[in-house]
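Visitor: model the structure of this input:
(one chain, ligands or ions: 2)
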Amino acid sequence: MAVYTHVSAEALSTFLTRYDVGDLVSAKGIAEGVENSNYLVDTTKGRFILTLYEKRVDTGDLPFFFSLLDHLADRGNPVPPAIKDREGVTIQTLEGRSACLIKFLPGISLSHPTPAQALSAGAAMGRMHDALRDFPLERPNSMGVETWQPLFERCGHSLNEIAPGLYDDLGRAVDGVTRRWDADAHDCSVIHADLFPDNVLMLGDEVGGLIDFYFACTDIRVYDLAIMHSAWSFDAKGHGYDAAVGDALVAGYERNFPLSDFERAQFPLLAGGSCLRFALSRAWDWLNTPADALVTRKDPLAYWRRLAHYDPELTTK
Ligand SMILES: Nc1ncnc2c1ncn2[C@@H]1O[C@H](COP(=O)(O)OP(=O)(O)O)[C@@H](O)[C@H]1O
Ligand SMILES: N[C@@H](CCOP(=O)(O)O)C(=O)O
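Guide: Ligands and ions are numbered 1, 2, ... in the order given. Prediction:
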């Protein structure tokens, strides 16, 4: 469920008169997603996404996100830029929220990607990173390595309500990974930082769109591939590593951005970091979201289990 803010047909019709996009035909709330309110909007001239930014996106970051999308779209990447109104404005206000009208991209969000789809998606990430070599803006990672220990401490002993012993186990793993993490030894650039299967729209085996750039930030470039690898190569519960999917992601990526020997050697550590980053954010949400809330809580243990694949020693006592 991701329609937190209701937009009336009257308010939307008036909103659309700012743009050269035709008249409103229909608008439907989109159930997928967790951060923002999204509507699928059809007009007499085409199809668009309307996004209203809820509390988890800092609206001060929106100019960064839309510069990034313009930069990528200008270089032929399948990403959805914001539509400008007749005065060139992209970030508007609607129903008391910051709001943008965004290009609709075709495709289906995947639940179970195949190796052929993983190959295309990895290649799309490599191409995106290549296009970002000359992107001049930066944004700190609000979920970067230095935030993991403080977030772990904020979750505290309540972690044991998720699974007995999780406080000690996670604490040991956070310590083990962060002590070996060395961003200065890597190439850093702007990365997507959340390229899960649900953020890649597929047309058969081809990528129709890369969406949801609201975690995009400056960090270790190959960490982005490690995040993708940990999100794509397991079942939803974090079991059953699928080597064909994992290998295809890396092979696709290397078609457009070859990895160095150092990056290959560091990959398990970076993927282990990704497991901790998502285990921690999910644990925090799990402990702080009422079970009957509109948002479905995501399972933190599905990421804890993935860590065992990348670094078995960190997850055994
Ligand atoms: N530009 C787009 N083109 C087509 N569909 C989109 C687009 N942006 C979002 N969507 C649809 O909306 C859903 C939620 O979008 P997303 O950005 O992932 O939301 P959230 O940030 O709330 O997680 C996606 O799963 C997709 O179905
Ligand atoms: N991908 C993250 C949560 C972020 O949600 P999104 O809908 O904005 O991609 C997770 O699965 O924990």
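
Visitor: how close does the closest residue to ligand 1 within the chain get to ligand 2?
Guide: Ranking the residues of the chain by distance to ligand 1 (C-beta to the nearest ligand atom) places residue 33 first, at 2.6 Å. No exception for glycine: its C-beta is placed from N, CA and C like everyone else's. Between residue 33 and ligand 2 the computed distance is 5 Å (C-beta to the nearest ligand atom, to the nearest Å).

Visitor: with residue 187 instead?
Guide: As for residue 187, its distance to ligand 2 is 24 Å (criterion: C-beta to the nearest ligand atom).

Visitor: close to ligand 2: what parts of this structure are there?
Guide: Counting by C-beta under 6 Å from any ligand atom, the chain comes close to ligand 2 at 33, 34, 35, 194, 196, 199, 212, 278, 281, 282, 298.

Visitor: the residues you listed in strands, which ones?
Guide: Residues of those located in strands (DSSP state E): none.

Visitor: now neighbour count and pLDDT too, for those, in a markdown table please.
Guide: A markdown table is the format used below for these (neighbours: other C-beta atoms under 10 Å; pLDDT from 0 to 100):
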| residue | neighbour count | pLDDT |
| --- | --- | --- |
| 33 | 18 | 70 |
| 34 | 16 | 72 |
| 35 | 18 | 78 |
| 194 | 22 | 97 |
| 196 | 16 | 97 |
| 199 | 21 | 95 |
| 212 | 23 | 95 |
| 278 | 23 | 98 |
| 281 | 19 | 97 |
| 282 | 19 | 96 |
| 298 | 16 | 92 |
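
Visitor: quick check: phi and psi at the residue of the chain closest to ligand 1.
Guide: Backbone dihedrals for residue 33, given as degrees, to the nearest 10, come out at phi 100, psi 160.

Visitor: returning to that earlier point: from the residues of the chain next to ligand 2, which is closest to residue 236?
Guide: The nearest member of the residues of the chain next to ligand 2 to residue 236, counting by C-beta to C-beta, is residue 298 at 9.5 Å.

Visitor: so what's the closest one closest to, chain neighbours aside?
Guide: Spatially, and ignoring its direct neighbours in sequence, residue 298 is nearest to residue 282 (4.8 Å; C-beta to C-beta, 6 or more residues apart in numbering).

Visitor: and for residue 90?
Guide: Residue nearest to residue 90 in three dimensions, not counting chain neighbours: residue 82, with 4.0 Å by C-beta to C-beta, 6+ apart.

Visitor: is it true that that neighbour touches residue 69?
Guide: Yes: using C-beta atoms under 8 Å, residue 82 makes contact with residue 69 at a distance of 6.9 Å.

Visitor: what sits up against the helix or strand hosting residue 148?
Guide: With elements taken from DSSP states H and E, the one containing residue 148 is helix 148-155. Surrounding helix 148-155, the residues in contact under the criterion C-beta atoms under 8 Å, 6 or more residues apart in numbering are 159, 167, 170-171, 174-175, 177-178, 273, 276-277, 280-281, 283-284, 287.

Visitor: where does the stretch 1-150 of the chain come near ligand 1, residue by residue?
Guide: Residues of the stretch 1-150 of the chain lying close to ligand 1 by C-beta under 6 Å from any ligand atom are 2, 30, 32-36, 38, 49, 80, 102-105, 109.

Visitor: chain neighbours aside, what residue packs nearest to the residue most central in space within the chain?
Guide: With distances taken as C-alpha atoms, centre = their mean, the residue of the chain nearest its centroid is residue 194 (2.3 Å). What sits nearest to residue 194 in space, not counting adjacent residues and going by C-beta to C-beta, 6+ apart, is residue 215, at 4.2 Å.

Visitor: I am finished for the moment; much appreciated.
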